[in-house]
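Student: Kindly generate the corresponding structure for this input.
(one chain, ligands or ions: 1)
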Amino acid sequence: MKIIDSTPRADGFRMPAEWEPHHGCIMIFPERADSWQFGGYSARKAFAQVAEAISRSERVTVCASERQYENARRLLPSRIRVVEMSSNDSWARDYAPTFVTNGSEIRGINWNFNAWGGLVDGLYFPWDLDNKMARKLCDLYEKDMYDLGNFTLEGGSIHVDGEGTCITTEACLLSAGRNPDLTKNEIEHNLHEYLNIDKVIWLKRGIFNDETNEHVDNICAFVKPAEVVLAWTDDEKDPQYELSRSCLEILERETDAKGRRITVHKLRCPSPVTVTAEECEGLDSCDFQPTRTPGERLAASYVNFYIANNAVVMPFFGDPADEPARELLAKLFPTREVIPIQARDILIGGGNIHCITQQIPIYTNPR
Ligand code: KQY
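Tutor: As a prediction, this is how the structure comes out:
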């Protein structure tokens, strides 16, 4: 693996949209006992279901620690590759490489990862093993890498349409724990150079109580160029209402990089999902603090889906809103099967299906 000194933009590489063809997908097997209740037993089953659903139409690689290797091999179908790799937790979206393509070759980007805010408001310490994963994965896939290790960014904090537009949230990218010495313009410049985009749409906020400082991948996602789904509630008393409303106002007045107006599909959230006392019992503490408290609201959103080659893998929460959400996604992705996965055991960790997956674009040239 070679580290490349220029930028994707200078070299004619861009981050493709998630619906463009994939070579495969990377996931990380869960085991951290302060993220996943009861030692991760039920989370591993849910991750395995996600991996299986994706592996029906693309190659899936699951990274597992030496301790979990056997469990991973036992729970995952043989068509899924399991490789031993150290990590601090299991959020492939955030610290597997962001891949860029020139149409035949792909390269990875390594951003700095500091557990969603470092010592300011990060979620665990240390995060050094997570932060090495992009490099190790570029090595594993024999892909050259752009190294932006002095810029903190998680993959879940950006969405692109593959045609020059990126959406993100100010709450996350301008948070004090990420790049406090950079201005908004400097942050935007890095997105332009490394994702090779021409326009950033800055939403202000994300999902209520989202501990990532409100990643965009939980509130808003492109479904095709100039078309997004937005997590929504009609309940004006719900704290989510103002957050979603402010996103809608921005999206309604914005155009994308090609000057198109944006069509917004409201994807209604489930009723508030809260963590139970029993689930809290099953979580180890972190730095002598409980990771969750009974009754705490989790950041449940149907927007956190993964677009695989032939499927959209989406979270279900056992809520009456599950089925309408599935129907909307089925309408928006008519050529893909929508595969729902009961995702409460993933949500308890603080994210969902999009957060635990990272796509690898298709490539034809070995390098
Ligand atoms: O991308 C994400 N949503 C990750 C959340 C991590 C939470 C750690 N408990």
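
Student: Please make it C-alpha for all contacts and neighbour counts, starting now.
Tutor: Will do.

Student: Show the contacting residues for the closest residue to the ligand within the stretch 251-367 of the chain.
Tutor: Using CA to the nearest ligand atom, the point where the stretch 251-367 of the chain gets nearest to the ligand is G351, with a distance of 3.5 Å. Counting by CA atoms under 8 Å, 6 or more residues apart in numbering, G351 touches A299.

Student: Ok, T335 next?
Tutor: Listed by CA under 8 Å, 6+ apart, the contact set of T335 reads N310.

Student: Assign a three-state SS to it, would you?
Tutor: coil (DSSP: H, G, I helix; E, B strand; the rest coil).

Student: Look up how far T168 lies from it.
Tutor: In this structure, T335 and T168 are 27 Å apart, going by CA to CA, to the nearest Å.

Student: got the residues of the chain near the ligand?
Tutor: Within reach of the ligand by CA under 6 Å from any ligand atom, the chain has these residues: 35, 91, 94, 123, 156, 212, 349-351, 355.

Student: Would you mind listing where this structure has pLDDT under the threshold?
Tutor: 367 (pLDDT under 70).

Student: circling back to that earlier point, will you turn the residues of the chain next to the ligand into TSV that also has secondary structure?
Tutor: As requested, the residues of the chain next to the ligand are exported to TSV (three-state DSSP):
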residue	secondary structure
S35	coil
W91	coil
D94	helix
L123	coil
G156	helix
T212	coil
G349	coil
G350	coil
G351	coil
C355	helix
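
Student: On the strand side of things, show who the nearest residue to I339 once chain neighbours are set aside bridges to.
Tutor: Of all residues not flanking I339 in the chain, V313 sits nearest, at 4.8 Å (CA to CA, 6 or more residues apart in numbering). In this entry, V313 is beta-bridged to Y306, I339, by DSSP bridges.

Student: My understanding was that V313 contacts Y306; is that so?
Tutor: Yes - with contacts counted by CA atoms under 8 Å, V313 reaches Y306, the gap being 5.2 Å.

Student: Tell me how many other residues crowd the spatially closest residue to N102 that is not a sequence neighbour.
Tutor: Of all residues not flanking N102 in the chain, F13 sits nearest, at 4.4 Å (CA to CA, 6+ apart). Using other CA atoms under 10 Å, F13 has 22 neighbouring residues.

Student: got a list of what F13 touches?
Tutor: Residues near F13 by CA under 8 Å, 6+ apart: 100-103, 106, 195-196.

Student: okay, these in CSV with neighbour count and secondary structure next?
Tutor: Listed next are the contacts of F13 as CSV, based on neighbours: other CA atoms under 10 Å; DSSP: H, G, I helix; E, B strand; the rest coil:
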residue, neighbour count, secondary structure
V100, 25, strand
T101, 21, strand
N102, 16, coil
G103, 15, coil
I106, 24, strand
L195, 27, helix
N196, 27, helix
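
Student: just curious, which of the residues you listed is nearest to the ligand?
Tutor: Closest to the ligand, out of all of those and judged by CA to the nearest ligand atom, is L195, at 18.9 Å.

Student: Find the residue closest to T212 in space, skipping its chain neighbours.
Tutor: Per CA to CA, 6+ apart, closest to T212 is W116, 5.6 Å.

Student: contacting residues for that neighbour?
Tutor: Contact analysis of W116 by CA under 8 Å, 6+ apart lists 122-123, 154, 177-178, 212-213.

Student: and what of D181?
Tutor: Applying CA under 8 Å, 6+ apart, no residues contact D181.
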